[in-house]
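Sequence below, structure please.
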Amino acid sequence: MKFRNALFSLLALASLVINAQAQDIEAGKKKAEACVACHGATGNSAAGMFPTLAGQNPRYIYLQLKDYKEGRRQNPMMTAIASTLEKADMQDLAAYFGSQKQVRSTFQADPQRIKAGAAKADESLCAMCHMGGMTGQNEIPRLAGQHPDYIITQLKNFKSRTRHNDAGNMTSLAQTLSENDMENLAHWISSLY
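Just a heads-up that it's a prediction; the model follows:
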């Protein structure tokens with residue numbers, strides 16, 4: 001009898017958690033209306049300068065929005081948008097975009113650059129943080145399938161120290177990368193899915 005009651009309580013708790021997550025996703029979908037012009041309706045950006053958010057780690061999305069709001073990451077448009085968001089808004093948006101399915105980019109990566117990018121990623125130990133296949137984890141972003149233009153811009157921003165909300169890891173790594181390395185890494189990353 002005790003086991004059955006404990007099992008029932010556990011199932012009820014799991015149901016509450018699932019329902020709360022569904023509500024967050026639904027709330028995030030409504031709040032995402034301001035995001036679609038740049039990031040696409042489901043977070044699959046059509047323009048290379050805007051990151052794809054679909055399938056991104058929700059914790060990473062939340063932290064980036066928080067960093068924009070608190071001035072640790074700079075972008076005039078994103079800073080203005082994030083300044084209006086409360087914690088729950090950021091969590092809802094993160095839940096929504098994280099739950100969406102990323103679609104394959106139409107970018108045609110160069111096979112030689114893919115090979116060189118994979119070698120550079122191995123040499124730079126990218127998988128130590130971003131995991132194998134660049135799938136990311138927790139506050140480390142998923143990079144697989146991301147737009148090459150966006151990857152190159154972010155690497156340049158880390159190298160120039162205009163982006164520095166990374167506890168120094170990417171800033172240090174970017175100092176070792178040439179523009180050719182960045183281009184190769186971007187081709188390789190975009191080819192992953």
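
The nearest residue to residue 79 once chain neighbours are set aside: which element?
Nearest residue to residue 79, sequence neighbours excluded (C-beta to C-beta, 6 or more residues apart in numbering): residue 68, at 5.1 Å. The way it works is simple: take the backbone N, C-alpha and C, and place the C-beta from them, glycine included. Secondary structure from DSSP states H and E places residue 68 in helix 58-70.

Which strands or helices does that helix pack on?
helix 76-82, helix 87-99 (3 or more C-beta pairs under 8 Å, 6 or more residues apart in numbering; DSSP states H and E).

now the first one, how far from the chain's geometric center?
Average the C-alpha atoms of helix 76-82, do the same for its chain, and the two points are 17 Å apart (C-alpha atoms, centre = their mean, to the nearest Å).

ok, residue 103 - how many residues close by?
Residues lying near residue 103 (other C-beta atoms under 10 Å) number 15.

Can you mark which positions in the helix or strand encompassing residue 152 are buried?
Element membership for residue 152, per DSSP H and E: helix 148-160. Of all the residues in helix 148-160, those buried under the rule 16 or more other C-beta atoms under 10 Å are 148, 149, 150, 151, 152, 153, 154, 155, 157, 158, 159.

Surely residue 155 and residue 189 touch.
No - with contact defined as C-beta atoms under 8 Å, residue 155 does not count as touching residue 189 (10.1 Å).

before we move on, the earlier item: so the helix holding residue 68 versus helix 87-99, what angle?
Here the directions of helix 58-70 and helix 87-99 differ by 140 degrees (axes from the mean of the first three to the mean of the last three C-alpha atoms, to 10 degrees).

for the record, mean pLDDT for helix 58-70?
For helix 58-70, mean pLDDT rounds to 98.

What separation is there between residue 70 and residue 93?
16 Å (C-beta to C-beta, to the nearest Å).

Those two - which one has more neighbours?
Counted by other C-beta under 10 Å, residue 70 and residue 93 do not tie: residue 93 has more neighbours, with 29 against 12.

So residue 107: helix, strand or coil?
Assigned by DSSP: H, G, I helix; E, B strand; the rest coil, the conformation of residue 107 is coil.

and it, how many residues sit next to it?
For residue 107, using other C-beta under 10 Å, the count is 15.
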